[in-house]
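1. Provided below are the primary sequence and the corresponding predicted coordinates.
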Amino acid sequence: MSYCRWSSMDWMCDVYVYESDDGLEVHVASHRRPEGSVPTVTASLFTDPGEFARQHDVQMAALKGVPLYVIGLSRDGQSYTVQSPGECADLLEDLSSEGYKVPDDVIAELRSESVTQ
């Protein structure tokens, strides 16, 4: 199961977080796109699939022309394996406070999972 991918947050996410047999895997990006360079998809696949597909196509076309640049923070390109949702949430909060772009809802989801375990 994936909590977030590079494509999360309209391709602005700096982390890829997923479950593996070893625990929770966190990969930190080394490059990102300039802020505001990728159009936002606002339509829902479930409520308006046609509009979602149109917006997604526009976004994919725009990505081809958007260069990546080096993030330049201390953990660029690093990978981590953690054992619990709480530990993963802590790591993501640390990454976010350092300046990496991390979806807030992922941290909240991991925090809620750590309470139920």
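-> Cool, the structure landed. Numbering: from 1, shown residues only.
2. Helix, strand, or coil at residue 54?
-> The three-state label for residue 54, taken from DSSP: H, G, I helix; E, B strand; the rest coil, comes out as helix.
3. what does the one 3 residues further on give?
-> What three-state DSSP gives for residue 57 is helix.
4. could we number from 12 for the rest of this?
-> Yes, from this point I'll number from 12; that puts the last item at residue 68.
5. And it, how far from residue 57?
-> Note on residue 68: its distance to residue 57, by C-beta to C-beta, to the nearest Å, is 18 Å. Yep, even glycine has a C-beta here, placed from its N, CA and C like the rest.
6. Which of the two has more residues huddled nearby?
-> Ranked by neighbour count (other C-beta atoms under 10 Å), residue 68 and residue 57 place residue 68 first, with 11 against 7.
7. Check what pLDDT the more buried one gets.
-> Note on residue 68: pLDDT of 96.
8. That one and residue 55: what is the separation?
-> 16 Å.
9. While we're on the residue nearest the centre of the chain, how confident is the model there?
-> Centre of the chain computed as the mean C-alpha position; nearest residue by C-alpha atoms, centre = their mean is residue 24, 3.5 Å away. With respect to pLDDT, residue 24 scores 96.
10. Work out for me the element the residue sitting furthest away from the middle of the chain sits within.
-> Distance to the chain centre peaks in the chain at residue 61, reaching 24.7 Å (criterion: C-alpha atoms, centre = their mean). Take DSSP states H and E as the rule and residue 61 turns out to sit in helix 60-75.
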